[in-house]
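Visitor: Turn this into a model:
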Amino acid sequence: MNSLWNRIASSWTSSPFLVPVRNASKKTGGSSRNPPKNPRPKHRGWKVQDGHNVSAGTILVTQRTPRFHPGLNVGFGKNGTLFAMEHGKVYVTCEKVDLNWDHTWVQRCYAGREGQTIYKKFFNVVPEPQHQRFKLIDEI
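Guide: Numbering: from 1, shown residues only. This next block holds a predicted model:
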């Protein structure tokens, strides 16, 4: 047995390619419980400017709290997104609103502004006028 070990040991020392390697006893890597430090931005805000032409279903605004309100031909999504419901031109207007002061939510959110006029921004989509190329000649 001793002679076998001597032959193996001598072959290690004589050959430059057979060198015993010691591996690491601990794994490296970070903890998976830590949340990411910089989450990706949400890119909320205006997606379409005033005066642009849009098609039906185009997102006009993404928002977390309702800063902008739906007007003519504009839908309001579950997450506060405003989207166009028809083809047309976008108009952003600042309009005076008449709030229901008997509602408790209005009293809480607009406390101290009872005598003031309150303005809100509305997104409107005005449909493009239809062409008048066809004329009715005879009615059935």
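Visitor: Can you name the residues that contact N53?
Guide: For N53, the contact set (Cβ atoms under 8 Å, 6 or more residues apart in numbering) comprises H87, G88, K89, V90, E128. Every residue, glycine included, has its C-beta placed from N, CA and C.
Visitor: what phi and what psi does the backbone show at it?
Guide: phi -90, psi 140 (degrees, to the nearest 10).
Visitor: The spatially most central residue of the chain: helix or strand, and which one exactly?
Guide: Computing the C-alpha centroid of the chain and ranking residues by Cα atoms, centre = their mean puts K42 first, at 4.5 Å. Secondary structure assignment for K42, by DSSP states H and E: no helix or strand.
Visitor: Okay, now the unreliable bits of the chain?
Guide: Along the chain, the model assigns pLDDT under 70 to residues 1-2, 4-18, 27-32.
Visitor: Show me the strands in it, by range?
Guide: 45-46, 53-54, 59-62, 68-70, 74-76, 82-84, 88-97, 118-126 (DSSP state E).
Visitor: Residues in contact with the first one: which ones?
Guide: The one in question is strand 45-46. For strand 45-46, using Cβ under 8 Å, 6+ apart, the contacting residues are L60, V61, T62, Q63.
Visitor: Report the buried members of these.
Guide: For the contacts of strand 45-46, a burial check counting by 16 or more other Cβ atoms under 10 Å picks out L60, V61, T62.
Visitor: The first one and L72, how far apart?
Guide: Think L60. 12 Å (Cβ to Cβ, to the nearest Å).
Visitor: do the same with the second one
Guide: Taking Cβ to Cβ as the measure, V61 falls 15 Å from L72.
Visitor: Would you write a PyMOL line that selects the buried entries of the contacts of N53?
Guide: In PyMOL, the members of the contacts of N53 classed as buried (16+ other Cβ under 10 Å) are selected with the following command:
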select buried, resi 88+90
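Visitor: Can you tell me which of the contacts of N53 is nearest H52?
Guide: Relative to H52, the closest of those is V90; by Cβ to Cβ it sits at 5.3 Å.
Visitor: how about that closest one, what does it touch?
Guide: For V90, the contact set (Cβ under 8 Å, 6+ apart) comprises V48, Q49, D50, G51, H52, N53, V54, L60, A84, F123, N124, V125.
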